[in-house]
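[1] Provided below for reference: sequence and predicted model.
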Amino acid sequence: MKLDVIKLDGGKAGSVDLDEALFGLEPRVDILHRVVRWQRNNAQAGTHKVKTRSEVSYSTKKIYRQKGTGGARHGARSAPIFRGGGVYKGPTPRSHGHELPKKVRALGLKHALSAKAKAGELVVIDAAISDGKTGVLAKMVANLGWKRALIIDGAAVNENFAQAARNIEGLDILPTMGANVFDILKRDTLVITKAGLEALEARLK
């Protein structure tokens, strides 16, 4: 699969051959769903907590006598049946993460790249280099028509480019090792540098 390479100013910079094993697959929704769910579950804080009967601030004095009231028997106002009492079997801090085989994770990334290529939302640029000026880069991005774009660079991101892109709404940049299914799928345009392509091929071989 051939794709034209462009520069940030819109000029042409030749073409590149895309690896069919990475960009030519038929996207499978089930694999993408599994990987995104794994990512989001691992990112969930899991710090939700409620107070149980033993933790609420109430006296433990028996609220009324055992017999003769005509009501149910109760020992303390902290019982879950009362307003302000403890919560029965409520959430406690825990990890929501679960395991996912490395091969499935790698396959998910391949299918995400293939999905973008098939939808025509993949752009390859020569390099992501800037002088650090946000205004200049913002004009280039607007001229290219990128509204919600993710740029994947090589092993390291150019510091000046990252600084210029920081305040541009809808533009994110990641090194190759940071490339992930969730971030790729939630952006309208996936932009990969030539260095990023080489690094992705080396990572996913």
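    Perfect, thanks for sending it. Numbering: from 1, shown residues only.

[2] which residues of this structure fall in strands?
    2-6, 12-17, 122-125, 149-152, 171-174, 189-193 (DSSP state E).

[3] out of those, flag the one nearest Thr92.
    strand 171-174 (34.2 Å; Cβ to Cβ). (C-beta placed from N, C-alpha, C; glycine too.)

[4] can you list the strands that that closest one pairs with?
    Paired neighbours of strand 171-174 in the sheet (DSSP bridges): strand 149-152 (parallel).

[5] so which residue is dead centre in this protein?
    Phe182 (4.3 Å; Cα atoms, centre = their mean).

[6] show the contacting residues for that one.
    35-36, 39-40 (Cβ atoms under 8 Å, 6 or more residues apart in numbering).

[7] nearest to Asp30 among the strands of the chain would be which one?
    Of those, nearest to Asp30 by Cβ to Cβ is strand 189-193, at 20.9 Å.

[8] list the buried residues in that closest one.
    189-193 (16 or more other Cβ atoms under 10 Å).

[9] using CSV, lay out these together with pLDDT and distance to Ile151.
    Below are these laid out as CSV (pLDDT from 0 to 100; distance: Cβ to Cβ, whole Å):
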residue, pLDDT, distance to Ile151
Thr189, 94, 9
Leu190, 95, 8
Val191, 95, 4
Ile192, 94, 8
Thr193, 93, 7
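
[10] put together JSON lines for those, with distance to Val16 on each row.
    Formatted as JSON lines, the buried residues of strand 189-193 follow (distance: Cβ to Cβ, whole Å):
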{"residue": "Thr189", "distance to Val16": "17"}
{"residue": "Leu190", "distance to Val16": "14"}
{"residue": "Val191", "distance to Val16": "13"}
{"residue": "Ile192", "distance to Val16": "9"}
{"residue": "Thr193", "distance to Val16": "11"}
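
[11] of the residues you listed, closest to Ser78?
    Using Cβ to Cβ, the buried residues of strand 189-193 come closest to Ser78 at Leu190, 54.6 Å.

[12] ok, the closest one - contacts?
    113, 116, 121-123, 149-150, 152, 184.

[13] ranges for the helices of the protein?
    Ranges of helices in the chain, per DSSP state H, are 20-23, 29-43, 102-118, 134-144, 159-165, 181-185, 194-204.

[14] so for Pro175, which of those sits nearest?
    Nearest to Pro175 among the helices of the chain is helix 194-204 (8.1 Å), distances taken as Cβ to Cβ.

[15] hmm, who's touching the lowest-mean-pLDDT helix or strand in the chain?
    The weakest-scoring helix or strand in the chain, judged by mean pLDDT, DSSP states H and E, is strand 12-17 (a mean of 87). If you take Cβ under 8 Å, 6+ apart as the criterion, strand 12-17 is touched by 1-7, 124-126, 194, 197.
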